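S.K.: Give me coordinates for this.
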Amino acid sequence: MSIQQTLPLPGVAPERTGSYRTDHLLVADMVAPGSRVLDVGCGDGELLELLESRGIDGRGIELSREGVNRCVAKGLAVVQGDADTDLVNYPDDAFDYVILSQTLQATRQPRAVLENLLRIGHRGIVSFPNFGFWKMRLQLLIGGHMPRTENLPATWYDTANIHFCTIKDFVQLCNEINVKMERAVALDLYGRPVPLNLPWWVWNMFGEQGVFLLSRGGGK
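M.R.: Predicted coordinates:
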């Protein structure tokens, strides 16, 4: 298994830069200026605000009514919807990019959602918490309980996350459905990119989250 690695994106500092999360800055730097973007599971609209500040035409879909209300109050174009059931209603190639930020693990059918992302958009950007992160492994091995971290604070019985995966799992899924990984970045505990000269298993061990820029493979 291999991951296409690239140099760290410019302008990204650990954890947060200014008022923005590091993973959001990474995602925004993967989007070309002037693009049309759909943010799936956009939450309170923080990423959409960042994209629009860079001249990107952003739209959003969010499951929670509270999240939709917050986005609309900010003047963002967001509708209520479910990634598992509503993405099928979007036409092919409707957007330049479709983003799934920290949402994949909460979907019921991650493979179908990923396939829809790359049907609707020319490119997809996916970020997710890495369940292979060393802190996760240690809590399972030593503590004998489902892991909890700052990024995943909910208990096992009170979480919306139902399909955890590792970076290795995600790369294997991309290979299975013929998805090309154009860029891949693993962020460590402090939001810093894991060094690129290290093998993929180090990413899987020390990357707290992964951020991937994807496109259709096989000339589709």
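S.K.: And the helices in this protein?
M.R.: Assignment of helices within the chain using DSSP state H yields the ranges 22-29, 46-53, 65-73, 83-86, 110-120, 134-138, 167-176, 200-206.
S.K.: Of those helices, flag the one that's most buried.
M.R.: Mean neighbour count (mean count of other C-beta atoms under 10 Å) peaks for helix 22-29 among the helices of the chain, with a mean of 23. (Each C-beta comes from the backbone N, C-alpha and C, glycine too.)
S.K.: For it, enumerate the helices and strands it packs against.
M.R.: helix 46-53, strand 95-101, strand 121-129, strand 179-187, strand 209-216 (3 or more C-beta pairs under 8 Å, 6 or more residues apart in numbering; DSSP states H and E).
S.K.: Output the ones you listed as TSV; include the columns distance to I162 and mean pLDDT.
M.R.: Shown next, in TSV, are the helices and strands packed on helix 22-29 (distance: least, C-beta to C-beta, whole Å; pLDDT from 0 to 100):
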stretch	distance to I162	mean pLDDT
helix 46-53	22	96
strand 95-101	15	97
strand 121-129	13	96
strand 179-187	22	94
strand 209-216	18	95
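S.K.: With distance to L198 added, can I get the ones you listed in CSV?
M.R.: Output for the helices and strands packed on helix 22-29, formatted as CSV (distance: least, C-beta to C-beta, whole Å):
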stretch, distance to L198
helix 46-53, 28
strand 95-101, 25
strand 121-129, 20
strand 179-187, 9
strand 209-216, 14
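S.K.: Nearest to V40, out of these?
M.R.: Minimum separation from V40 across the helices and strands packed on helix 22-29 (C-beta to C-beta) falls at strand 95-101, 5.0 Å.
S.K.: Check the offset of the closest one from the chain's centre.
M.R.: 9 Å (C-alpha atoms, centre = their mean, to the nearest Å).
S.K.: Identify the residues contacting G41.
M.R.: Going by C-beta atoms under 8 Å, 6 or more residues apart in numbering, G41 touches 61-63, 83, 100-103, 106.
S.K.: Let me have the residues you listed in CSV, extended by distance to W134.
M.R.: Converted to CSV, those look like this (distance: C-beta to C-beta, whole Å):
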residue, distance to W134
I61, 34
E62, 32
L63, 31
A83, 29
L100, 25
S101, 23
Q102, 20
T103, 24
A106, 23
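S.K.: Of these, which pair is most distant in space?
M.R.: I61 and Q102, at 14.5 Å, using C-beta to C-beta across the contacts of G41.
S.K.: With W156 as the reference, measure out to the residue lying farthest from the centre of the chain.
M.R.: In the chain, I142 marks the outermost C-alpha relative to the chain mean, sitting 28.8 Å out by C-alpha atoms, centre = their mean. Between I142 and W156 the computed distance is 17 Å (C-beta to C-beta, to the nearest Å).
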